[in-house]
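J.: What follows is a predicted protein model with its sequence.
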Amino acid sequence: MICFILLGGIIAVIVVAVLSSTKTMTTIATTKRITTTVSTKSTITTQIASVFTTSTTTTTTETTAVTTIITTSSCSPSCNSQQTCIQSVCLNVGHLAFALTWSQIGDGDIVVTTPNGKAINYQNEGPSSSTDQGILDRDDSDSIGPENIYWSSSSSLPPTGTYYLCFEPYSFNPTISSSNPLTVTYHVVRSSGTILNITKIFTSTLSDSYNCDATSSTLVGSFSYP
């Protein structure tokens, strides 16, 4: 980005370069976005017939850094070929899985809406036509997860399209607030073992009655399949 500032016949050129680095790994990848603001102030003073005139220009530059972090988890006994290990728990994967974890002990609930508009949650666990054959096979009510929804490799493939991933904070003590934020992470796992992490920080208790779409206050993110 190049900014030209013309003051009192003086041209100042400020060049701001934003560097980003991306590291690609084959295990778990988490993307963290960090934004910082830098203010640059230029002051020019001119003297004309004993009268002083001061002009001030402030330029704000926003820098975005993208970081790739690789984390690992181990399970004992080891998971089978149809599972993955998240927070030392073997979870079923099949064709596709969505695992949910959170940062403080409490009762959080996973909600995944399929491209056909079918919401999968503890009130609609599946597998059935109402879940597009997805299964909620692990619930956690008193820890930090994981909860898990997956499509068995012995069933039909998951529907093609966009999946919406939401989080319902059923019960947390202390309550979620700006002074007590909660970090929520979806681990999207393919049959190949590739894991994509989608994270959001909540600073208040939000609920959408287990509805989940692009406009939901409880939305953590979305994922396109295949």
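T.: Noted; the coordinates are in hand.
J.: now Leu100, which residues is it bridged with?
T.: Glu147, Tyr186 (DSSP bridges).
J.: For Ser129, see how far away it is.
T.: To Ser129, Leu100 is 23 Å away according to CB to CB, to the nearest Å. In this view, the C-beta of every residue, glycine as well, is placed from N, C-alpha and C.
J.: Looking at those two, which one has more neighbours?
T.: Shown here are Leu100 and Ser129; by other CB atoms under 10 Å, Leu100 has more neighbours (26 against 9).
J.: Looks like that one contacts Tyr150 (just checking).
T.: No. Counting by CB atoms under 8 Å, Leu100 sits too far from Tyr150 to count as a contact (11.9 Å).
J.: where in the chain is pLDDT low?
T.: Across the chain, the ranges flagged by pLDDT under 70 are 1-73.
J.: mind giving me the domain split of it?
T.: By the assignment in automatic domain parsing, the chain contains the domains 2-69, 83-225.
J.: dump the residue contacts of Ser204.
T.: Going by CB atoms under 8 Å, 6 or more residues apart in numbering, Ser204 touches 176-178.
J.: most surrounded residue in those residues?
T.: In the contacts of Ser204, the most neighbours by other CB under 10 Å go to Ile176, 21 neighbours.
J.: Would you mind measuring from it to Leu206?
T.: Taking CB to CB, one finds Ile176 at 8 Å from Leu206.
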